[in-house]
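Asker: This is a predicted model, with the sequence first.
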Amino acid sequence: VQTATGVAHSKFILIGEHAVVHGQPAIALPFPLVGVESVVDYVPGSVKLDSTFYYGPIETAPDSLDGLTNCIRKTLTKLDLPCSDLLIRIKSSIPPGKGLGSSASVAIAVIRSLFAYAEQDYTEEDILELADISERYAHGEPSGIDTLTITSELPIWYEKDRPMCRIEPKGDFYFIVADSGRMGDTRSAVESVADLIKSAPKRIQSKLDRIGEVTHRARNALESASKHLLGQMLNEAQKELEALGVSDAGLNRLIYFARQEGALGAKLTGGGNGGCIIALARNEVHSRQLSEKLKKFGAHAVWSFALKKS
Ligand code: PMV
């Protein structure tokens, strides 16, 4: 039996996080600068994982890996393979807990490597269905935006309970993703917004509606190559996210610095209260300069990423 490999890129949410949980749209981008590789080999004995987060048989893996181990079991069943005699080596360059879809990327790379090992083709539906098993453990009620974006090459327009669609950007957009260094906890951030809705329904609903409105305008900006408009919409969304209490001091510090250094817009990405920010640079040169400045300013990791017109 041959060694088999599966890979998956990462993702970030451009705009619409939190509001998307309450029925508004969100836009997410595939982020190929970090990702996961999973390599499967025949090794007699049980199914074993070899990764930075765990080394050993899946039976004795920590509870935090229940999502992944169940996803592996279900995938093997679907492939008519016995749950034994495999070594799955996982290498990831995605920082976990930073809103970049680490858990979904790991699951998708592993599923792809198991299909390759079984020499079977898969459909996108196969991957989404199996990865959802893992995501339900990580997020409780995942919106599904992570898995959809990780299996896409184009930005995703996502609304709960509606068929997703892909967005074709009409210009080149230069983004910077910068890590604040603190791990975020998406589940508790989502719960804190739900609590706010209970305590002040009208006031909070108007903020979520406003995020929905600027997300629609952000889509128009992508589709009409209006980077200034997109930058303004990112800033508008950030204002509402701050009012929702999901942007912490570490994120705000990087966001304000990026704007001061000429970013057209900057906001948190993902669940917030830790994790990463995104900034929209003026052009390619500015993107390089700004990412250097953010590194010197103390961002833990910085990536410059160009979304090219399709
Ligand atoms: O932290 P992430 O990248 O998983 O993003 C969470 C996005 C939320 O809108 C806050 C939650 C969700 O399930 O959509």
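Answerer: Okay, I see it.

Asker: Enumerate the positions of stretch 220-235 that are buried.
Answerer: Going by neighbour count (16 or more other C-beta atoms under 10 Å), the buried part of stretch 220-235 is 221-222, 226-227, 229-235. From N, CA and C alone the C-beta is placed, and that goes for glycine too.

Asker: What ranges does the stretch 1-150 of the chain have for its strands?
Answerer: With strands called from DSSP state E, counting those that start in this stretch, the stretch 1-150 of the chain shows them at 4-15, 26-42, 47-50, 55-57, 86-92.

Asker: With mean pLDDT and distance to residue 146 as extra columns, can I get those in TSV?
Answerer: Written out in TSV, the entries for the strands of the stretch 1-150 of the chain read as follows (pLDDT from 0 to 100; distance: least, C-beta to C-beta, whole Å):
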stretch	mean pLDDT	distance to residue 146
strand 4-15	98	6
strand 26-42	97	8
strand 47-50	98	21
strand 55-57	97	25
strand 86-92	98	14
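
Asker: coming back round to it: return the member of the buried residues of stretch 220-235 nearest to residue 114.
Answerer: Comparing those against residue 114 with C-beta to C-beta picks out residue 222 as the nearest, at 34.9 Å.

Asker: Would you check how far apart that closest one and residue 60 are?
Answerer: Taken as C-beta to C-beta, to the nearest Å, the spacing of residue 222 relative to residue 60 amounts to 46 Å.

Asker: Can you pull the residues of the stretch 151-300 of the chain lying near the ligand?
Answerer: 186, 190, 270-271 (C-beta under 6 Å from any ligand atom).

Asker: now, which of those residues sits nearest residue 56?
Answerer: residue 186 (27.2 Å).

Asker: thinking again about what came up before, among the strands of the stretch 1-150 of the chain, which is nearest residue 177?
Answerer: Shortest distance between residue 177 and the strands of the stretch 1-150 of the chain, using C-beta to C-beta, is found for strand 4-15: 5.9 Å.

Asker: low pLDDT regions in the protein?
Answerer: Across the chain, the stretches falling below the confidence threshold (pLDDT under 70) are 1, 140-141.

Asker: which residue lies farthest from the center of it?
Answerer: The outermost residue of the chain, judged by C-alpha distance from the chain's mean C-alpha position using C-alpha atoms, centre = their mean, is residue 44 at 34.9 Å.

Asker: can you give me the offset of the host helix or strand of residue 178 from its chain's centre?
Answerer: Assigned by DSSP states H and E, residue 178 belongs to strand 173-179. Using C-alpha atoms, centre = their mean, to the nearest Å, the mean C-alpha position of strand 173-179 is found 14 Å from that of the whole chain.

Asker: Can you tell me the strand partners of it and which way each runs?
Answerer: Looking at strand 173-179 with DSSP bridges, its partner strands are strand 276-281 (antiparallel), strand 301-307 (antiparallel).

Asker: winner for burial among the strands of the stretch 1-150 of the chain?
Answerer: Ranked by average neighbour count under the criterion mean count of other C-beta atoms under 10 Å, the strands of the stretch 1-150 of the chain are headed by strand 4-15 at a mean of 25.

Asker: Show me what that one packs onto, helices and strands only.
Answerer: For strand 4-15, the elements it packs on are strand 26-42, helix 102-117, helix 145-150, helix 201-223, helix 227-243, strand 265-269, strand 276-281, judged by 3 or more C-beta pairs under 8 Å, 6 or more residues apart in numbering; DSSP states H and E.

Asker: again, only using 6 Å
Answerer: Counting contacts by 3 or more C-beta pairs under 6 Å, 6 or more residues apart in numbering; DSSP states H and E, strand 4-15 is packed against strand 26-42, helix 102-117, helix 145-150.

Asker: how far is the longest one from where the chain is centred?
Answerer: It stands for strand 26-42. Relative to the chain's own centre, strand 26-42 is displaced by 10 Å; criterion: C-alpha atoms, centre = their mean.

Asker: Which residues does the strand holding residue 178 contact?
Answerer: With C-beta atoms under 6 Å, 6 or more residues apart in numbering as the test, strand 173-179 has contacts from 12, 98, 254, 276-281, 284, 287, 290-291, 294, 299-307.

Asker: One more: stretch 184-191?
Answerer: The contact list for stretch 184-191 (C-beta under 6 Å, 6+ apart) reads 21, 97, 99, 246, 271-275.

Asker: Measure how far that stretch is from the centre of its chain, please.
Answerer: Between the mean C-alpha location of stretch 184-191 and the chain-wide mean there is a distance of 14 Å, by C-alpha atoms, centre = their mean.
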